[in-house]
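1. Build me a structure from this.
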Amino acid sequence: MRLNIHIDWHSWFNRLDYKKAILIAFLLRVIFASVYDIGVSVAGKDVLLPDGGFYSAMGRYIQLMLNGNSAFRITDDMAPRDTQGREIFASMITKTKGGFPRVENETGAFLYIVGIIYFLFGYFPIFVRLFNIVLSLSCVFFIFRIAGRHFGETPAKIFLIIGLFLPTQFVYSITLSKDFTRMFIVCFILWLIYGGVRWRRA
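-> Now for the predicted structure:
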């Protein structure tokens, strides 16, 4: 007697609840992000994204400015513990003459996003990681909706599973990268044009 292990993939994808899939992906990424954040705080090094230390230190600097602290009155307990973070603080105080840094490009805009997150929730990089996780999953959702409208339910759900659990995206989304803000804006605009809004003629 043979055991039939054949799976009807078409039927399985049709029955797939996309909300549960997104929730599972979110929870797995949060767990992974929490473990990684603890590792970074203990080791003092962001292996996945070395620039993360710069973004975090600059966000901390902007947070202190938003809290009404004068840059010239920043004490040792306010500055980041690592040497790089302290050097960034010293250079920003000199460069901005104790004021807010200028927004000259998308990196500058992202630094203010990090600063506002720290201002709202405290100096905890895990909240920036959660912010990027939400943006990453939102991008997958937008493209899932576009694919569902133009290619059908089964191809859309196949993309959904790949997009949610693709190892590279899964790991990269827990970093302090600025790329997810740009990706979110692009995917949101594409969703508005091709997938989300049904325009009515007047």
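2. ok, residue 95 - contacts?
-> residue 101 (CB atoms under 8 Å, 6 or more residues apart in numbering). All C-beta spots, glycine's among them, are computed from the backbone N, C-alpha and C.
3. cool, and residue 140?
-> Residue 140 touches 22, 160, 163-164, 169, counting by CB under 8 Å, 6+ apart.
4. low pLDDT regions in this protein?
-> 1-14, 70-82, 195-202 (pLDDT under 70).
5. Tell me which of the contacts of residue 140 fall in helices.
-> Judged by DSSP state H, helices contain the following of the contacts of residue 140: 22, 160, 163-164, 169.
6. check which helix or strand covers the residue nearest in space to the middle of the chain.
-> With distances taken as CA atoms, centre = their mean, residue 132 lies nearest the centre of the chain, 0.9 Å away. Per DSSP states H and E, residue 132 falls inside helix 125-151.
7. how much distance is there from that helix to the middle of the chain?
-> 9 Å (CA atoms, centre = their mean, to the nearest Å).
8. swap in stretch 150-167?
-> Using CA atoms, centre = their mean, the offset of stretch 150-167 from its chain centre is 20 Å.
9. what's it in contact with?
-> 10, 13-14, 16, 18, 21-22, 24-25, 137, 139-140, 143-145, 147-148, 169-170, 194-195.
10. Residue 44: which of the ones in helices among the contacts of residue 140 is nearest?
-> residue 169 (26.2 Å; CB to CB).
11. Need the buried ones from the contacts of stretch 150-167 selected in ChimeraX.
-> Buried members of the contacts of stretch 150-167, defined by 16 or more other CB atoms under 10 Å, are picked up in ChimeraX with:
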select :13,16,18,21,22,25,137,139,140,143,144,145,147,148,169,170,195
